[in-house]
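Peer 1: sequence and computational prediction follow.
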Amino acid sequence: MTELLMLDVRTMAFASAVSGFLMAATMLGIYLAGMRSRALLDWAGAGLAFGGGFLIGHILQSVEVPIPAWVAGTLANAAIGLGHGLILIGVQRYLGLRCWTIPIFVAVGLMLVSSLVFPEARETLRARIIIHSGFYVALDAYAGALLWRAHRPGMRLFHRAAALVLLAFAAFLLLRFSYALFSPALTTSFVQDPFQMAAFLAAMIFGFCITMALAVMMFREKQVELIGLATKDPLTGINNRLGLDRAAAGHLAVASEQGTALSMMLLDIDHFKQVNDRHGHQAGDRVLNEVAQLMQQAVRGSDTAFRVGGEEFLVLLPGATLEQAARIAERLRRKVSETVVSAEDEQLSLSASFGVAECAIGHERWQECMQRADRALYRAKADGRNRVESARRVVSEPEPSRS
């Protein structure tokens with residue numbers, strides 16, 4: 001029976017080492033494939049540390065080694081502790097938080113020294129489990145909590161999946177910690193206690209699950225990034241026309257359901273073609289960027305801005321009536337007219353024309369509301385530019401062309 005238990009522990013130690021090395025290979029492979037997040041390198045290091053620590057445990061149970069068992073065990077525990085620490089460091093780096101690199105390395109070093117200096121920590125399995133399990137619980141629980149509370153768009157489910165793996169393993173380690181703290185049954189033998197078998201099994205499962213959870217999370221992160229790039233204007237950084245349909249339809253549905261208003265504001269930079277023709281496209285790009293920044297500063301936090309054409313922008317104004325939208329447009333018009341952009345040796349004064357319209361909730365589609373705002377914008381252009389015009393609700397109105 002003892003030999004069978006011995007074989008099982010060796011097998012589990014080896015399987016846990018394999019799961020650690022698999023984690024390292026997966027994270028490094030994702031990094032080399034082009035996802036250059038330094039968090040992947042931290043998690044690859046964690047996998048190497050886990051693999052190395054459990055491999056030492058496997059060797060310790062399989063062959064005679066020329067060093068005392070407690071030395072090999074101390075090195076294995078230090079490596080595994082480093083692995084848990086690197087997972088936390090990677091999570092902090094991934095979330096853009098301050099990394100606890102030095103404190104974690106110092107803590108791992110202190111654990112290593114304590115096992116070398118204090119006979120109780122060196123010779124008693126119970127003391128080693130209490131020290132190391134408590135350390136692992138703190139690291140994994142904190143890393144899980146950080147991911148659980150993270151608020152990145154489109155990432156909540158994936159953050160929480162990884163968080164659940166970390167928190168579940170932290171819960172198991174807490175159980176192991178409590179067992180060691182309150183049970184005098186633990187011996188100095190590595191294999192005589194059945195809880196050790198469960199610990200290796202849990203470590204193996206944790207290694208595979210955290211590898212999968214982190215890999216899927218990073219691929220989803222890249223997907224969200226690509227979707228953002230596809231719906232963002234590369235020059236100004238605001239939304240492009242690709243995301244307008246979904247956003248406008250969503251705001252219109254909310255307004256219809258809640259009985260609130262929805263308005264749109266179209267603006268067109270006056271004489272923009274002349275800027276490009278006289279001063280070049282670089283000057284034109286500076287003008288577009290300046291107007292986009294002014295627009296984002298002038299609108300409310302609930303509003304959404306889009307670049308819908310060369311020099312034309314649209315802002316969705318949920319909850320705003322026609323009068324409120326006109327006031328927002330007038331505020332932005334003044335800001336634009338007070339702005340000067342440098343172009344070579346000349347200072348360019350800017351101005352823009354605006355058309356605003358309030359959607360007839362339940363009576364028109366958002367595209368029809370946009371057409372009315374567009375016609376109001378044409379009137380602003382025709383009446384001298386640098387002005388705000390509000391849309392009139394009419395049955396039919398010819399669609400004029402605008403220069």
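Peer 2: Arrived safely, thanks for sending.
Peer 1: every contact and neighbour count from this point should use C-alpha atoms.
Peer 2: OK.
Peer 1: quick one: low-confidence residue ranges for the stretch 101-250 of the chain.
Peer 2: Low-confidence segments of the stretch 101-250 of the chain (pLDDT under 70): 119-125, 184-196.
Peer 1: could you pull out the strands for it?
Peer 2: Per DSSP state E, counting those that start in this stretch, the stretch 101-250 of the chain carries strands over the ranges 239-240.
Peer 1: list phi and psi for the nearest residue to residue 241 once chain neighbours are set aside.
Peer 2: Closest residue in space to residue 241, ignoring its immediate chain neighbours: residue 308 at 5.1 Å, by CA to CA, 6 or more residues apart in numbering. Torsion angles at residue 308 (phi, psi; degrees, to the nearest 10) stand at phi -110, psi -10.
Peer 1: list the contacts for residue 308?
Peer 2: 240, 241, 314 (CA atoms under 8 Å, 6 or more residues apart in numbering).
Peer 1: if we go to 10 Å?
Peer 2: 233, 239, 240, 241, 242, 244, 266, 267, 314, 315 (CA atoms under 10 Å, 6 or more residues apart in numbering).
Peer 1: what's the answer for residue 41, then?
Peer 2: So residue 41 contacts 24, 27, 28, 29, 30, 31, 32, 47, 86, 90 (CA under 10 Å, 6+ apart).
Peer 1: any idea how many residues pack against the third one?
Peer 2: So the one you mean is residue 28. Residues near residue 28, counting by other CA atoms under 10 Å, number 20.
Peer 1: thought residue 42 was touching it, still the case?
Peer 2: Yes - if you go by CA atoms under 10 Å, residue 28 and residue 42 touch, sitting 9.4 Å apart.
Peer 1: which of the contacts of residue 41 has the most neighbours?
Peer 2: Going by other CA under 10 Å, residue 47 tops the contacts of residue 41 with 32 neighbours.
Peer 1: against residue 109, how distant is that one?
Peer 2: 19 Å (CA to CA, to the nearest Å).
Peer 1: now do residue 134
Peer 2: If you go by CA to CA, the gap between residue 134 and residue 109 works out to 15 Å.
Peer 1: residue 373 now?
Peer 2: As defined by CA to CA, residue 373 lies at a distance of 67 Å from residue 109.
Peer 1: could you pull out the helices for this protein?
Peer 2: 2-32, 38-62, 69-94, 101-117, 119-123, 125-149, 156-182, 194-230, 244-258, 272-279, 281-298, 322-337, 366-382 (DSSP state H).
Peer 1: who does the longest one touch, helix- and strand-wise?
Peer 2: Applying 3 or more CA pairs under 10 Å, 6 or more residues apart in numbering; DSSP states H and E, we find helix 194-230 packed against helix 2-32, helix 38-62, helix 69-94, helix 156-182, strand 239-240.
Peer 1: for the record, mean pLDDT for the longest one?
Peer 2: Right, the one you point to is helix 2-32. The average pLDDT within helix 2-32 is 80.
Peer 1: tell me the helices and strands packed up against it.
Peer 2: Partner elements for helix 2-32 (3+ CA pairs under 10 Å, 6+ apart): helix 38-62, helix 194-230.
Peer 1: which of residue 373 and residue 109 has more residues huddled nearby?
Peer 2: residue 373 (28 against 14).
Peer 1: hmm, that one is touching residue 326, no?
Peer 2: No - with contact defined as CA under 10 Å, residue 373 does not reach residue 326; the gap is 11.2 Å.
Peer 1: check the contact lists of those two and give me the overlap.
Peer 2: 263, 264, 265, 354, 355, 356, 357, 358, 389, 390, 391.
Peer 1: most neighbours among these, please name it.
Peer 2: The shared contacts of residue 373 and residue 326, ranked by neighbours (other CA under 10 Å): first place residue 356, 34 neighbours.
Peer 1: can you pull the contacts of the closest residue to that residue other than its chain neighbours?
Peer 2: Leaving aside its chain neighbours, residue 356 sits nearest to residue 265 (4.4 Å; criterion: CA to CA, 6+ apart). By CA under 10 Å, 6+ apart, the residues touching residue 265 are 305, 313-317, 322, 325-326, 328-329, 354-358, 370, 373-374, 376-377, 388-390.
Peer 1: what's stretch 240-260 in contact with?
Peer 2: 227-234, 261-264, 304-309, 313-321, 359-362, 364-367, 370.
Peer 1: show the buried residues in those residues.
Peer 2: 231-233, 261-264, 304-308, 313-321, 359-361, 366, 370 (16 or more other CA atoms under 10 Å).
Peer 1: need the phi and psi values for the residue nearest to the spatial centre of the chain.
Peer 2: The residue lying closest to the centre of the chain (CA atoms, centre = their mean) is residue 152, at 4.5 Å. Torsion angles at residue 152 (phi, psi; degrees, to the nearest 10) stand at phi -100, psi 130.
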